[in-house]
Structures are given as structure tokens and as C-alpha cells.
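Q: when you get a sec, could you give me coordinates for this:
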Amino acid sequence: MDRQMVLVGFLQAQNCTNLPSSWRHPDSRSDFMSADYYQEIAKILEAGKFHMAFFDDRLAMPDRYGNDHAHTVEYGIRCVKMDPIVVLTTMGMVTDKLGLGATCSTTYYEPFDVARRFATLDLMSGGRAGWNVVTSLNDGEALNMGRDSHPEHDSRYDKADEFMEVVLGHWDTWGDGALIMDKKTGRFADPTKVKRLDHKGAAFKSRGPFTVPRSQQGHPVIIQAGASGRGQRFAGRWGEVIFTAARNLQGAKDGYAAVRNEAAKAGRDPDQMFLCNLTTPVCAATKAEAEDKMALINKLPLEIDALSLLSEALNYDFASKGLDEPLTTDDLRSMQGILGIRDGVLKASGKSNPSARDFVTFSGRGHVHDAMVGGPKEIADRLEEMFVERGCDGFVIAATYVPGSYADFVQHVVPELQRRGLFQKDYRGKTLRENLGLARPAAGAWKVQPHDAAE
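A: Below is the predicted model of the structure:
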């Protein structure tokens, strides 16, 4: 089979999409606290043969701007955050093939807990679960989880490496064929195929034995989105589906090569991973209709949306400076969280000391930045170029209003991609791994030996 795109629907278990102003759109559903809201999205994505529905998540509402949550609540800036795994379970009940991915933090949870949650989701969905591994972003999350402050960037990834070893170690402790289920002899499982982990490391201790048997796909698919140098190393070592956010073809190609190189250095097969670029399509039957939709969408964001989300993502209070006051070098160095945002603003602005307004302008945070606007041909042309030129292996499709954005893409763009042979017309199998084309992992397959250089 020729190489084909991977498509992922980018979701939030909250009052808006990743675009905080999406709830203000006149065509957005407002019943975001109902199961039916998410189940409709799931049905649309599965009808469009999407590989996965994926939920981003935070453990705090954005309150770093002015160290206050009042603006967040007043303007609906991602202030509602429900448990995405529970929401995914409701979506799994109305779908058969759609993958179900959710975020869970290695900084504020215990490995055994995360391993059990996702292994259970994997069984309940028939082998369709994926775990997005994050290290969290800011002090708001730390304070909610009983800590005084958020750990330093690189140290979080060092801890996350050990976290992964514990989770994967637990997932390996039930061997294939361990279950016997013989009612006549009374034997439920083979004890020689179930073992304890007995992990004792620098950051974690976890004994086991694990309490959830192995699933149809072996274990959940590992998702990652590291953008910094340390994040790319982590993604290269562990990620199977990796989210990127390149804004142009050359940047995408550079990032694609960098992460695959990290995978090769970690001793992994780079072809057993898929890099999917975040994309916001605004599409309709014609380009003119899409441009009319975009004109409406551009009226929705407020300046406070961007300032709030920047403060959240970089763990830095942008209210501490005047909007046009240059940030000091110490200010920039103190930022944590998604450092790719900071580095992208420095590069795009050409300023060594940009202001808060520069961050709003050049980050695109809180706005629809670099949206793909057009009819089926225009959107498909741009996706095809980035895919064929090896800027990515697929796309994470972000919505500007719900559920209409997903329905527009499935109605107008998916058939054009299928006509060109770029996207699947049906699912390959039942599990997420089967549909992605990932091998079912043998126990211990993650324990690869790193190489000094890419091969």
C-alpha cells in the first residue's frame, strides 16, 4: 500500500476547542457538558475514517495572567476542564474503529495509576486507546496538585523518562496467553506469566504485580508533542504518534528530520512513528464560502484570550509588564512550559527582547493563526504538499467551532484526499495499532539500545 496520511481530531473536554473563542461562534453547540456533544463528534470523525480522536488537557484553568482566574471565567478561556478519559469512554460507546487518545501528566500522577487507567480504556474500547505523555506546564497545575511550584523544564523530562519505564514495565507484566479461565479446574490464569515489576528508581518506586491483563493491541499507543530540544529527544525515544506545529513546509521538514533522527539515535525504527502536524482548516464547498466563514471566525477572539493563554503556556505573568514594554533577558529565561512558543516568537519577530504585544502578534496564541482557508482543492493541495514533501505523516485537525468544523472537513476535504489516494477509504482493522500500521509490541520491545548517531 502506498503511504497515506494519518488524521487525528484535536479535541478539548471543555467549553471550547483549542481556539478559546470557539464557544462564541453562533453555530457552536453549547451543551459541552453532555455526552451527546462528544458522541456526535466521535460519529463524525469515524464516518470520515479518522484514525483517532485526541484530547488535550491541563490540570488548571488559565490563571497565570495577573495571578487571577476572574478573566478566564468571565470570557470562557478554557475555564472548564473535565476528565478526558471519562469523556473518551462515552465516545467509545458509539464508535467501533476510532482511536481514543487522551493526555495525562507524568509530573502530577503516579505511574501505576496512569498505567491502569489507560490499560482499562484499552480493554473497554477493544484496543483503541492512546496516551499523550505530557510533563505539564505551570504553577497553577502545581498548586492544584499540592505542590508549591512547577518543576524546571528539563528535569521534568528526566523524571518522565523513568515514568515511562515504570508504565511500560507494568504493561509488560501480563504475558500473552496468561488468562486460562478454566471453570472445571478452577484455574483463572497462569501465574508464571504474571510477574511483579519491583521498580526502584531515582524518582519512583512501584512494586506490582499490575492488575490489568494485556489488551488486543498489546498496550496503548504512546503519543507525544515535545517541541524543544529535550522534548524532541523524549519524543524520539518514546513517541509512536508525535504532534508537531510547524507553520511552513521548511520548518516542518526540519522538525520531521530532527525527531526521526532522535528516534534512530535511541535505537528505534523511525518508520514505526507518525508525525502529525497541527492544522486548522476552514473549509467549504468553495473558496469564497470558506473565506466568508473565516471572516466570522476572525471576529471572535479577544486580546485577553491570547494574553491569558500565553501566560498559561509559558508559566509567566504577562500582566507584570506593559503591553509594549520589552521583556528582559531574565524574563525570557524564566519562562517554562512550551518553550517552543518563546523560541518561535524570538525567531519570527527578529527581536532579542520582544514585548507582550509581540508575543500576541507572533505566537498566534488565542487566534486562528495560519489557517488553511479554501474549498476541497485548495485545502487538499496544501495538505498534500506537506505530506508528500515529508514535512509530516499526517495532520491533527483543529476545530474553529463544534461540531461544524469537523463535519465541514469530513464532507469537503476527506473525499478529495481519498480521490487522490492520500487517505484511507476504510479502516485496516479494529485496533488503533492496526489502523495506524504499527506493529503490536512484544513485551520489553521498548528496551532498545541507543546508538551514538543516526543510522
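Q: when you work out contacts or count neighbours from here on, use the C-alpha atoms and nothing else.
A: Will do.
Q: list the buried residues of the helix or strand of the chain with the lowest mean pLDDT.
A: Scoring the helices and strands of the chain by mean pLDDT, DSSP states H and E places helix 139-144 at the bottom, with a mean of 85. Residues 139, 140, 141, 142 are the ones in helix 139-144 that count as buried (16 or more other CA atoms under 10 Å).
Q: what's the next helix or strand after that helix packed up against?
A: Next helix or strand after helix 139-144 toward the C-terminus (DSSP states H and E): helix 153-171. Helices and strands touching helix 153-171, as assessed by 3 or more CA pairs under 8 Å, 6 or more residues apart in numbering; DSSP states H and E, comprise helix 111-124, helix 229-238.
Q: out of those helices, which comes closest to residue 428?
A: Judged by CA to CA, the one of the helices and strands packed on helix 153-171 that comes nearest to residue 428 is helix 111-124, at 18.0 Å.
Q: in the closest one, what counts as buried?
A: 111, 112, 114, 115, 116, 117, 118, 119, 120, 121, 122, 123.
Q: of all these, which comes closest to residue 414?
A: residue 122 (27.1 Å).
Q: may I ask which helix or strand encompasses residue 391?
A: Residue 391 is part of no helix or strand when elements are defined by DSSP H and E.
Q: give me the low-pLDDT residue ranges for this protein?
A: 1, 451-455 (pLDDT under 70).
Q: picking up where we left off before, just the CA trace of the least confident helix or strand of the chain, in PDB.
A: C-alpha atoms of helix 139-144 as PDB (Å, rounded to 0.1, in the frame of the first residue of the first chain):
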ATOM      1  CA  ASP A 139       2.400  26.700  38.700                       C
ATOM      2  CA  GLY A 140      -1.400  26.700  38.500                       C
ATOM      3  CA  GLU A 141      -1.200  22.900  37.900                       C
ATOM      4  CA  ALA A 142       1.300  22.500  40.600                       C
ATOM      5  CA  LEU A 143      -0.800  24.400  43.200                       C
ATOM      6  CA  ASN A 144      -3.900  22.300  42.300                       C
END
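Q: contact partners of that helix?
A: Residues from elsewhere that reach helix 139-144, judged by CA atoms under 8 Å, 6 or more residues apart in numbering: 58, 59, 60, 61, 62, 63, 64, 108, 148, 149, 150, 315.
Q: for those, which ChimeraX command selects only the ones that are buried?
A: A single ChimeraX command selects the buried members of these (16+ other CA under 10 Å):
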select :58,59,60,61,62,63,64,108,150,315
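Q: and the closest residue to residue 279 other than its chain neighbours, how close does it get to residue 407?
A: Distance criterion CA to CA, 6 or more residues apart in numbering; nearest residue to residue 279, sequence neighbours excluded, is residue 397 at 5.2 Å. Residue 397 sits 11 Å away from residue 407, taking CA to CA, to the nearest Å as the criterion.
Q: returning to that earlier point: out of the helices and strands packed on helix 153-171, nearest to residue 434?
A: helix 111-124 (13.6 Å).
Q: what segments of the stretch 151-300 of the chain are helices?
A: 153-171, 229-238, 249-265, 287-297 (DSSP state H, counting those that start in this stretch).
Q: point out the most buried one among those helices.
A: Mean neighbours per residue, mean count of other CA atoms under 10 Å, is largest over the helices of the stretch 151-300 of the chain for helix 229-238, with a mean of 22.
Q: now the angle from that helix to helix 249-265?
A: In terms of direction (axes from the mean of the first three to the mean of the last three CA atoms, to 10 degrees), helix 229-238 departs from helix 249-265 by 50 degrees.
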